[in-house]
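[1] Just the structure for this:
(one chain, ligands or ions: 2)
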Amino acid sequence: MASTVAALKANDYKSEIKPIWCPGCGHFGVLNGVTNTFADLGVDYNNTVVVSGIGCSSRFPFFLNSYGVHTAHGRALPVATGVKLANPSLNVLVVSGDGDCFSIGGGHVPHVARKNIDITCIMMNNRIYGLTKGQLSPTSTFGHVTNTSPYGSPDEPINPLLYMLAYGASFVARGFSGNPKQVKSLITAAMNHVGFSFVEIISPCPTFNKIDTADSFRDMMIDIPESHDSTDRLKAIDLTIKENDGELYAGIYYQVERTPYTEQLQNIKKKAGGQDKSDFEAIIDTFKP
Ligand SMILES: Cc1ncc(C[n+]2csc(CCOP(=O)(O)OP(=O)(O)O)c2C)c(N)n1
Ligand code: SF4
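    Ligands and ions are numbered 1, 2, ... in the order given. A predicted model of the protein is given here:
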């Protein structure tokens, strides 16, 4: 993590804008998980940027006291990449939904993962488009009847964690919004990770997804066994495939050290004989007397 300050309480990280999510929405648990993590880690909100796309989950930056960018639908990852590369000293967090991240935004995922951009992405998966009132999402289950699939979805859902592992994300984890301790510990580990970290939080939408309820998700959640070797990519992939049988493993699937992209760029700049400052520092220098 790039920048910390002296202790603040979780509520100090919440802005004056109160969430307008429906009662029972899983996203509340994720917001609490993020503010509790910020308080625990002593995150400096003046040096933190939370980037989102569009969706109920993507309203997140409004509810935090940090800087925020509410970008276009599906574009949080490339905008966050730009923010981090321009000023690597910032903590950069992306908050996204299953639609935002894997439907319209899916084309950006492989590049952030393979380049190992040093940001954390929290993807709230409710297996539906919430904001637009209940259309099929890429993670909706086969046969799911929605506004846009009145005869049941003919599509197999994508597997977000398998996708991330396939493209080389260096930190991959899953939690459940109804388990605050777990959410906090996973976001903490993700923010402490150097390189790209991806956390899927299963976050029910009680208003538009009547199939994947909080109770049914809770029944599917299983802790990753302590014997799991989180440095073994194939074993991590094996765990994600259990999702096809309705078993959702929670915990850290995979974590390895890999040079983050900001460091790779510095090395390239040195080789090319360029300045070793970040682009942001170089721009600030031009304003100095
Ligand atoms: C370019 C564009 N296409 C479509 C939309 C409509 N739209 C807004 S949010 C959304 C999906 C949101 O679903 P998800 O990301 O899963 O978040 P949730 O609301 O479920 O938290 C869509 C299709 C849009 N705003 N912009
Ligand atoms: S529509 Fe669903 S995702 Fe959106 S705020 Fe309501 S419960 Fe949450």
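[2] Residue of the stretch 101-250 of the chain closest to ligand 1, please.
    Going by CB to the nearest ligand atom, ligand 1 is nearest to residue 130 of the stretch 101-250 of the chain, at 3.1 Å. C-beta here means a position set from N, CA and C on the backbone, and glycine is covered the same way.
[3] pretty sure that residue is in contact with residue 58, am I right?
    No: counting by CB atoms under 8 Å, residue 130 does not reach residue 58; the two are 10.1 Å apart.
[4] Just the strands from the protein, written as ranges.
    Along the chain, counting by DSSP state E, strands occupy 48-52, 67-70, 91-97, 120-125, 171-176, 197-202, 221-223, 248-255.
[5] list the helices and strands the last one packs on?
    Think strand 248-255. helix 160-166, strand 171-176, helix 180-192, strand 221-223, helix 233-241 (3 or more CB pairs under 8 Å, 6 or more residues apart in numbering; DSSP states H and E).
[6] Taking their axis directions, it and strand 171-176 sit at what angle?
    Here the directions of strand 248-255 and strand 171-176 differ by 160 degrees (axes from the mean of the first three to the mean of the last three CA atoms, to 10 degrees).
[7] try the third one
    Computed by the same axes, to 10 degrees, the angle separating strand 91-97 from strand 171-176 equals 50 degrees.
[8] does ligand 2 sit close to strand 91-97?
    No: under the criterion of CB under 6 Å from any ligand atom, strand 91-97 makes no contact with ligand 2; the nearest approach is 7.7 Å.
[9] List the buried residues for stretch 89-106?
    90-106 (16 or more other CB atoms under 10 Å).
[10] wait, does it contact ligand 1?
    Yes: remark: stretch 89-106 sits within contact range of ligand 1 at 97, 98, 99, 100, 104, by CB under 6 Å from any ligand atom.
[11] same thing with stretch 60-76?
    Yes: Stretch 60-76 lies within reach of ligand 1 by CB under 6 Å from any ligand atom, at residue 73.
[12] What residues does this structure have near ligand 2?
    21, 22, 25, 27, 56, 126, 130, 131, 205, 206, 207, 208.
[13] Give me the buried entries from those residues.
    If we count by 16+ other CB under 10 Å, those have these buried: 21, 25, 27, 56, 126, 130, 131, 205, 206, 207, 208.
[14] before we move on, back to that, can I get the residues of stretch 89-106 next to ligand 1 in CSV including pLDDT?
    Below are the residues of stretch 89-106 next to ligand 1 laid out as CSV (pLDDT from 0 to 100):
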residue, pLDDT
97, 98
98, 98
99, 98
100, 98
104, 98
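[15] With distance to residue 167 added, can I get these in JSON lines?
    Formatted as JSON lines, the residues of stretch 89-106 next to ligand 1 follow (distance: CB to CB, whole Å):
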{"residue": "97", "distance to residue 167": "19"}
{"residue": "98", "distance to residue 167": "17"}
{"residue": "99", "distance to residue 167": "19"}
{"residue": "100", "distance to residue 167": "18"}
{"residue": "104", "distance to residue 167": "18"}
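[16] Show me which helix runs longest in the chain.
    As assigned by DSSP state H, the longest helix anywhere in the chain is helix 27-41.
[17] Is any residue of that one near ligand 1?
    No: taking CB under 6 Å from any ligand atom as the criterion, helix 27-41 and ligand 1 are apart, separated by no less than 6.5 Å.
[18] buried residues in that helix?
    Going by neighbour count (16+ other CB under 10 Å), the buried part of helix 27-41 is 27-39, 41.
[19] Check stretch 160-173 too.
    Of all the residues in stretch 160-173, those buried under the rule 16+ other CB under 10 Å are 160-173.
[20] just stretch 60-71 next, same as before
    60, 61, 62, 63, 64, 65, 66, 67, 68, 69, 70, 71.
[21] again, but for stretch 38-53
    Residues of stretch 38-53 classed as buried: 38-39, 41, 43-45, 47-53 (neighbour count, 16+ other CB under 10 Å).
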